[in-house]
Structures are given as structure tokens and as C-alpha cells.
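[1] need a structure here:
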Amino acid sequence: MDDILTMGAAELARAVGNRQLSARAVAEAFLARTEAVNGVVNAVCTLNPALLAEADACDARLASGAAPRRLEGVPFVVKDNVDTAGLRTTYGSRLRRDFVPAEDAVAVERLRRAGAVLLGKTNAPEFAHDVNTTNALFGTTRNPWRLDATSGGSSGGTGAAVAAGMAPIGIGTDLGGSIRVPAAFNGIVGVRPTPGRVPVYPSAFAWDTLVEHVQGPLTRNVEDAGLMLAAMVGPDDRDPVSLPDDGMDLAAAARCTDSVRGRRILYVEDFGGLVPTDPEVARLARAAALAFEDLGCVVESGDLDVSGLREIVMGTRAFGMVGRYADLLDAHRAEMTVPLVNQIEDALRRSVREVAAAERLRGDYWHRVRRMLERFDHIIAPSVGIAAFDLDRPLPTEIAGRPLERFYDVFLGTYAFSVTGLPVVAVPCGFTSAGLPVGVQIVGRRLRDDRALEAAAAFAQARPEHVRRPQVDTAWRPPEHGETGTTGYQVA
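    Model prediction:
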């Protein structure tokens, strides 16, 4: 079983496809791992009772002589705000505690079509709006590297499940950093693809909001991220902003490790002081950027002009918060968590004029970033300004002696790229002295998800020491009385 658990999705699919392993044996191994560690990590909130039947169907299909599919027999997990037909999907909210969707999300549908088998749903904060994964239904997801630390949010359940070895791959969602933050905190790979690359359906807004939510992979290595993404992409009329098929081979891009020579890279550390960054995180991120020099790239340190970014985030985010949740707040305030209520109330205080002004600022910002990417092929920056913060105690109030006016500012580095719609791959880049993972974002030019994956693959091959597996302490017990990290948290 241990051998199975150390295999990536690509390796597992090959082994199942050539019948070296049965899909049932693979599913049983990951199910046993989940049962062993989920009690302390609390990442999987709903197991799929049909998992073994789905695995048996893969084996029967192969036995009949059918050709193996790209993800044959590979278990995957799905964030609990992404619909799964016939399997409870709560969105981390008491308002949906018994909701069972009638159909799969497009991404789930496509992974199943590629042969993957659904292990279960992963925990998420209410409606996926928090930097810590906790809710009133299932409690708090903990970081498998250190169980008294956060797994991040809002895809912290998927991030922790993949890092802890409960599944080799999983689906997360990302508006302002909800794939990239858990990837960094849990020491794994996460991809925020170009909006529209992976169709999003069902969705409350057919045309989404001003800054688009995306669905993307969280995996243990870059190759698996590309393989998974390749199965998820392509147009679908149910999502009117889904992108046409442009022939991009994302699976091949994620295996391509020798194509970055000559590329120019801009390293951005703290966005001109806007993003408070721990010195240890900065040191590891800077070393990751400089590693590209050994790969034949030209690396420069500099800054992006992020003037107005906080206003852009507050205004564009307000549009979606009001559209999605204002009516729910009116009817169900008492049943909603404090962090979500705070964010909705903040959004309701924004005027239409402020939202429009934010969108104008976003246009100006886009052109500044666009012009920078005429000079550089990639931008590299820390995924988050800190390593995973402690749970069961109040949020940090300072970083390296610098007081935090707004704790959320440490996450503005991910939002800085969300608002542009650029593709981003987050990869691990080392560990702090306390043993917690740190990650960097590798940003590609517009629509060039393939080149972002190539750069990530090249870095991962050059620095394999950054990919490790946590030893989960299954005897650990949480404190009897503690304060969840983001109690009372506000966006801005």
C-alpha cells in the first residue's frame, strides 16, 4: 500500500492502464490512508460511498479490452463548493447542509470521463470566502506539516488532503488566491488557469463576476497538474466565457523541463512594500527566482506598480459578494459564519460609483502589468507573505516587527495576479526553520498556461528537494479551548 501512496497520478494511471495495479487496489490504499489521517487533519468532509464501485468499473472496462484513459483509476478529491452529482455538496454552509446536486460540475464530469474516481469532498470555509478553512458544519482543517497551523483557504481541505496523501490530485477554486495559498501552506503545486480555460458550471453567474472564479488542480507535482488540467480544459456552452480549444498540450507542457533557456524573469518580492513579507519567506522565494539563472534564464529583481490594488480588490470583490450573498444575509444572518457576514457587510457599504472606479483602476493596472510582460516572459513572487499561521489563537498582528494594519495584506500578492486574469502556477520553494513549506507563484503571459507550466516543471526538476511528504502525527489532539485563527476576520 505504501508504494501506491507514493505514486503520482501519472504513474498511477500508467500502472492501472497496463494492469500492473488494479483500480480497486489504488482506491483501497487511498481510502485507508484517508481513514488513518483524516481524524487529525480533517480535510475530507464527505466520502464517496461509490468509490470502490467506480474503481471496479475501471477494472472491468480495461478487462473488456478498452483503451486506458489518461487518468484511469486515479482517485481525486473535490472542494465542497464544486458540485458532484448525487454526493452532498454543502459549500461549507449550514444553509446547504443537505444539498445534493443533480449534476456534476464540468470539471468533475471531465475528470470522471478521463477515468478518475471520486474519493470524496474536501472541507471549505462558508461559500469559500476565508483564508482559513473552517466552518460550522465540519470544523477546522489543519495543516499536515504542523497540526496547530492552518491549511490556508479557501481550498485548504483539498490542499491538506493532497499533501497528507489522501488523494494524489484534487480540485480547488481560486478567486483571490484560494488555490495558491493552500498550495504554499501545504507544500504542493496549485494552478490558477486562465479564466475560461476550465469551464465553470453550475455557477450563480453565467458570466461570473468582475474578477472570475476559476477551478484548477492541486497536486503533488507539476506533471500531475498538467495531466489533470489537460483533462479539464476546453469549451462548454454552459459557461459562456469558456475559451475555445487552441490545441495547447498542457500535459506535455508540464513534462517539458528544458525549454526555458533564454527567458526573462522579473522577481517581485513585496510589491513595493504593499505585501508584508517575512524575511525567511523572502529569502526562499528570492533563491527560487535566482535558480532560473542556472536554467539559462535572465533574472531581474524589481517591482510592479500596484498603486490602487487594495481599492481594486475591495471594489471588484464587493460586486460579487453583494450579487451572491446579500439576499442570503437578509434571510439567514443568524446561520452564517462571522467571517462571511463581515465580508458581505463590507461589500454592502460600497457604492456603485466605488465599484466602477475600482474597475477603471483595474484597467489601468492591467496595462501596467501588460507592458511589463512585453519585457519579461514570467513574473515570480512569493505566493504568500508568511508561512502557515497558527490556529487556536488570534491572528498575527505583525510580521518581522512590522505591525499589520490589515492582516489580509499578506495575501494581496495572489490577488495582484487574479485581477489580471493571467495564468499562475504555484510551486513549493523550500521550508522555514520551523519546518513549514513556502511557495512561489510563476506567472505566465496572457493565455500562455503552457509556458507557465513549462517554467514550473523546469524549476521542480532543478530543485527536487523542495518536494517532501509530511509525517502526520495521528496521536495529536487539539487544545480543548482555542480560538480559530480567523474568528472576526474582515477582508479590508
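
[2] tell me the SS of residue 54?
    Look at residue 54: counting by DSSP: H, G, I helix; E, B strand; the rest coil, its state is helix.

[3] and the nearest residue to it once chain neighbours are set aside, how close does it get to residue 51?
    Spatial nearest neighbour of residue 54, excluding adjacent residues (CB to CB, 6 or more residues apart in numbering): residue 117 at 4.1 Å. Using the backbone N, CA and C atoms, a C-beta is placed for each residue, glycine as well. Distance of residue 117 to residue 51, computed by CB to CB, to the nearest Å: 6 Å.

[4] need the residues touching each of those two.
    Listed as contacting both residue 117 and residue 51 by CB atoms under 8 Å, 6 or more residues apart in numbering are 27, 75.

[5] the stretch 101-250 of the chain: helices as residue ranges?
    Assigned by DSSP state H, counting those that start in this stretch, the helices in the stretch 101-250 of the chain fall at 106-113, 156-163, 180-186, 222-232, 250-253.

[6] packing partners of the first one?
    Taking 3 or more CB pairs under 8 Å, 6 or more residues apart in numbering; DSSP states H and E as contact, the helices and strands that helix 106-113 lies on are strand 169-174, helix 222-232.

[7] can you lay out these as CSV showing mean pLDDT, distance to residue 458 and mean neighbour count?
    Output for these, formatted as CSV (pLDDT from 0 to 100; distance: least, CB to CB, whole Å; neighbours: other CB atoms under 10 Å):
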stretch, mean pLDDT, distance to residue 458, mean neighbour count
strand 169-174, 99, 21, 30
helix 222-232, 99, 9, 27
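
[8] out of the ones you listed, flag the one nearest residue 13.
    helix 222-232 (7.6 Å; CB to CB).

[9] list of residues touching that closest one?
    Outside of helix 222-232, the residues within contact range by CB under 8 Å, 6+ apart are 8-10, 13, 70-71, 76, 106-107, 110-111, 113-114, 116, 168-169, 189-191, 193, 197-198, 215-217, 219, 249-255, 425, 427, 449, 453, 456-457, 460.

[10] check stretch 20-27 too.
    Under CB under 8 Å, 6+ apart, the answer for stretch 20-27 is 4, 12, 15-16, 51-52, 54-56, 58-59, 62, 72-75, 117, 119.

[11] can I get it in CSV, CA atoms only?
    Output of stretch 20-27 as CSV, limited to C-alpha atoms (Å, rounded to 0.1, in the frame of the first residue of the first chain):
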residue,chain,number,x,y,z
GLN,A,20,0.2,-3.7,-13.1
LEU,A,21,-2.2,-2.3,-10.4
SER,A,22,-5.9,-2.6,-10.2
ALA,A,23,-8.0,0.5,-9.8
ARG,A,24,-9.6,-1.2,-6.7
ALA,A,25,-6.2,-1.6,-5.0
VAL,A,26,-5.4,2.0,-5.6
ALA,A,27,-8.7,3.2,-4.3
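
[12] I figured residue 118 hits residue 84, correct?
    Yes: with contact defined as CB atoms under 8 Å, residue 118 reaches residue 84; the gap is 6.5 Å.

[13] that older thread, using CSV, lay out the helices and strands packed on helix 106-113 together with distance to residue 132.
    As requested, the helices and strands packed on helix 106-113 are exported to CSV (distance: least, CB to CB, whole Å):
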stretch, distance to residue 132
strand 169-174, 15
helix 222-232, 24
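
[14] angles on the backbone of the residue nearest to the spatial centre of the chain, please.
    For the chain, the residue nearest the mean C-alpha position is residue 179 (1.4 Å; CA atoms, centre = their mean). Residue 179 adopts backbone torsions of phi -100, psi -40, taken as degrees, to the nearest 10.
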